[in-house]
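>>> this one's structure only:
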């Protein structure tokens, strides 16, 4: 998160929010969320973490106005979540990609674009750019119902971004995506945050959260267990690690001996490994050079130009 | 305001497309229209009563298949979308719940009316084909019998050529081919000569068909109301129950019962389908006055308005755990 982000007003404020689901007789059945408070500011990527049933998706649904909180208050872009006009500045990707199975890819994006104040030409341009971005231009006339889970997820992500929203809410954005798609989504999130967008995402994939989030909140049984910046929560300041440039075995032995003399005990030595994600991406990139026509999602062409403009003031 | 109208049109259009692209919709609609078209073949040799039997049965098929289709369309567009989560996704956009519900109803109503249009054309063609005693007018009816087969072939070819949606193209193809068959039947007389356009058609069926279409709109509205809370199967069952009770409305709440406030209220709340079933009025040279169609439509519109109002209230309070 940029330092100045602390000074800007939050785009999302959740204050002591709670949600109780009731049964047919109106008796409390499940207390899904309890006393939850957090804020998300422009340019910040905020992650909601927690095991299944911890209240992440319920929280996101309260923020987009699909569920009403039974306790506390929520302010989304300065208004309650039930204010329909504010939804023009929100992009929401639900947990599963709920799309019209009999509509084509192109029709789906055009339909969601038509729900915003976008002129037809702009809508079409954005649809084309998004299809390029998610690598599904070749499948634009195929019904979404024929898509694999990963392809449907890509369309779901594209529909969440068609209005170039200020607050982007992503529920398990990388679920069902291949590593290439995951990397692309993570890069996209970082690009959007650089443009001043606030991103709220929930995920089970801790590595994804760690890669992109500035701050996180951990939920369990609907209650907030921990909240703070990734750095503050994860950094072990009493165990510093030194990374050396390439050294000869003699130099390494001398350094270790010096360290041992200073510390009074043997320091731990290990060698950094290449990240599996990076290795996979390099291997696939090589394979793409022996290109054939894709049956699923094609290699993407970066971020849609309208999403990659200059940062917001 | 213009933007809201555009949103409304977009949601209604996508609902219509989603409904008519479903294989289930095509199966029911095509079966109903084809059955009406084939009625003259089944009933021609019936003691010279074929014209009346074809007319009555065609209107009955129009109504029963329309009942199933209207309930299916409304529940598929509301209950199924609520269950699948697409409704929640659309409502996460700047779309009000009222607009969404009414636009969804309009999409389902448009699908039902398109079926009614097809069934109405098929009824006119069937009546024309069975107008003579013990003979069938193949010149007028032949193209209508070929229409469903041709429409399916065209839909299949277009699906093969450009992978377009088969169900909607076959359905639209049926409507277009039935319209062409109707135009052809209007242009020729019983001997196959060109005559006064439409002179040989039984246009008295038009107001009867319109009344059934109005009743189907009411049933679609009822299905829409039920679909805000119930799944497709319970919606279909309750719509059928409302249909049966409404048919017996006169017997249950009308002249046959002791007059009381409760009975009057119940009788007023339950749509009386007898107002919309006027096949008997066409016996002999009977006509259905257009003024009657107007009055019955006003009655239907009032009921429909009430159903939609209840549906709106129910939908505004709904919460989405799916989505």
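Received, thanks. Keep in mind the model is a prediction, meaning the values are calculated, not measured.

>>> what does the stretch 51-200 of chain B put close to chain A?
Residues of the stretch 51-200 of chain B lying close to chain A (Cβ under 8 Å from any Cβ of the partner chain) are B:84-86, B:88-96, B:162-165, B:167. No exception for glycine: its C-beta is placed from N, CA and C like everyone else's.

>>> chain A: strands as residue ranges?
All strands of chain A, identified by DSSP state E, fall at A:12-22, A:28-40, A:45-49, A:71-76, A:90-93, A:167-171, A:198-202, A:215-220, A:223-229.

>>> and for residue A:255, the neighbour number?
Close neighbours of residue A:255, defined as other Cβ atoms under 10 Å in any protein chain shown, add up to 15.

>>> ugh, wrong one, I meant residue A:207
Neighbours of residue A:207 (other Cβ under 10 Å): 14.

>>> do residue A:257 as well
10.

>>> repeat that for residue B:96.
Residue B:96 is flanked by 17 other residues according to other Cβ under 10 Å.

>>> now for it: which residues touch it?
Counting by Cβ atoms under 8 Å, 6 or more residues apart in numbering or on different chains, residue B:96 touches residue A:84.

>>> what about it, distance to residue A:213?
Here residue B:96 is placed at a distance of 33 Å from residue A:213 (Cβ to Cβ, to the nearest Å).

>>> any buried residues in the helix or strand that residue B:263 is a member of, and which?
Taking DSSP states H and E as the definition, residue B:263 sits inside helix B:261-269. The neighbour-count check on helix B:261-269 (16 or more other Cβ atoms under 10 Å in any protein chain shown) flags residue B:267 as buried.

>>> local confidence estimate at residue 285?
You didn't say which chain, so I picked chain A. On the pLDDT scale, residue A:285 is placed at 77.

>>> you answered for a different chain; I wanted chain B.
79.

>>> that one and chain A, how far apart?
Residue B:285 is 46 Å from chain A, where distance means Cβ to the nearest Cβ, to the nearest Å.

>>> please, which helix or strand holds residue B:240?
In the assignment (DSSP H and E), residue B:240 maps to helix B:232-247.

>>> quick check: which helices or strands does that helix pack against?
Contact here means 3 or more Cβ pairs under 8 Å, 6 or more residues apart in numbering or on different chains; DSSP states H and E; on that basis helix B:232-247 packs against helix B:50-84, helix B:205-227.

>>> please identify the deepest-packed of those helices.
Using mean count of other Cβ atoms under 10 Å in any protein chain shown, the stretch among the helices and strands packed on helix B:232-247 with the greatest mean number of neighbours is helix B:205-227 (a mean of 25).

>>> hmm, residue A:192 is touching residue A:168, no?
Yes - applying Cβ atoms under 8 Å, one finds residue A:192 in contact with residue A:168, separated by 6.2 Å.

>>> could you pull out the residues contacting both of those two?
Taking Cβ under 8 Å, 6+ apart as the contact rule, residue A:192 and residue A:168 both touch residue A:199.

>>> related to what we said a few turns ago, could you point out which element follows the helix holding residue B:240?
Following helix B:232-247 in sequence order, the next helix or strand is helix B:249-253 (DSSP H and E).

>>> quick one: buried residues of that next one?
By 16+ other Cβ under 10 Å, the buried positions in helix B:249-253 come out as B:249, B:250, B:252, B:253.

>>> how far away is the nearest residue to the first one once chain neighbours are set aside from chain A?
With Cβ to Cβ, 6 or more residues apart in numbering or on different chains as the measure, residue B:272 is the residue that lies nearest to residue B:249, at 4.0 Å, once sequence neighbours are left out. The spacing between residue B:272 and chain A, counted by Cβ to the nearest Cβ, is 33 Å.

>>> residues near residue B:272, how many?
Around residue B:272 there are 21 other residues, counting by other Cβ under 10 Å.

>>> I'd say it and residue B:246 touch.
Yes - contact criterion Cβ under 8 Å: residue B:272 and residue B:246 qualify, at 6.0 Å.

>>> how near is whichever residue of the stretch 201-323 of chain B sits closest to chain A to residue A:65?
Relative to chain A, the nearest point of the stretch 201-323 of chain B is residue B:320 (4.2 Å; Cβ to the nearest Cβ). Distance, residue B:320 to residue A:65, by Cβ to Cβ: 10 Å.

>>> neighbour count for these two, which is higher?
Neighbours were tallied for residue B:320 and for residue A:65 using other Cβ under 10 Å; the higher tally belongs to residue A:65 (23 against 18).

>>> quick one, phi/psi of the spatially closest residue to that one that is not a sequence neighbour?
Residue nearest to residue A:65 in three dimensions, not counting chain neighbours: residue A:81, with 3.8 Å by Cβ to Cβ, 6+ apart. When read as degrees, to the nearest 10, the backbone of residue A:81 gives phi -60, psi -20.

>>> give me the low-pLDDT residue ranges for the stretch 1-150 of chain A?
For the stretch 1-150 of chain A, the stretches flagged by pLDDT under 70 are A:1-7.

>>> what residues does it put near chain B?
Contact residues, the stretch 1-150 of chain A versus chain B (Cβ under 8 Å from any Cβ): A:21, A:61, A:64-68, A:84-88, A:90, A:92, A:94, A:96, A:98-100, A:102-103, A:107, A:111-112, A:114-117, A:141-143.

>>> which ones among those map onto helices?
Cross-referencing these against helices under DSSP state H gives A:61, A:107, A:111, A:112, A:114.

>>> possible to save the residues you listed as CSV with distance to residue B:37 and neighbour count?
CSV is the format used below for these (distance: Cβ to Cβ, whole Å; neighbours: other Cβ atoms under 10 Å in any protein chain shown):
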residue, distance to residue B:37, neighbour count
A:61, 49, 28
A:107, 32, 20
A:111, 35, 23
A:112, 40, 27
A:114, 38, 20
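
>>> between those residues, which is nearest chain B?
Nearest to chain B out of those is residue A:114 (Cβ to the nearest Cβ; 4.0 Å).

>>> ok, now which ones touch the closest one?
A:123, B:6, B:7, B:10.

>>> settle this for me: the first one is touching residue A:115, isn't it.
No - counting by Cβ under 8 Å, residue A:115 is not a contact partner of residue A:123; they are 10.1 Å apart.

>>> the more surrounded of these two?
Neighbours per residue (other Cβ under 10 Å) separate residue A:123 from residue A:115, with residue A:115 holding more: 24 against 19.

>>> quick check: closest non-adjacent residue to that one.
Spatial nearest neighbour of residue A:115, chain neighbours left out: residue B:93 (4.3 Å); criterion: Cβ to Cβ, 6+ apart.

>>> what values do phi and psi take at that neighbour?
According to degrees, to the nearest 10, residue B:93 has phi -90, psi 170.

>>> any idea of the pLDDT on it?
pLDDT recorded at residue B:93 is 95.

>>> and it, how far from residue A:263?
Distance of residue B:93 to residue A:263, given as Cβ to Cβ: 59 Å.

>>> neighbour-wise, which of these two wins?
Neighbours were tallied for residue B:93 and for residue A:263 using other Cβ under 10 Å; the higher tally belongs to residue B:93 (25 against 9).

>>> separation between residue A:308 and residue A:254?
Separation of residue A:308 from residue A:254 (Cβ to Cβ): 49 Å.

>>> neighbour count: these two, which is higher?
Neighbour totals were compared for residue A:308 and residue A:254, and residue A:308 leads with 15 against 12 (other Cβ under 10 Å).

>>> and the spatially closest residue to that one that is not a sequence neighbour, what does it touch?
Using Cβ to Cβ, 6+ apart and skipping the chain neighbours, the partner closest in space to residue A:308 is residue A:191 (6.2 Å). By Cβ under 8 Å, 6+ apart, the contact set of residue A:191 is A:303, A:307, A:308.

>>> okay, the closest residue in space to residue A:189 that isn't next to it in sequence: pLDDT?
Among residues not flanking residue A:189 along the chain, residue A:212 sits closest, at 4.9 Å (Cβ to Cβ, 6+ apart). You'll see residue A:212 listed with a pLDDT of 92.
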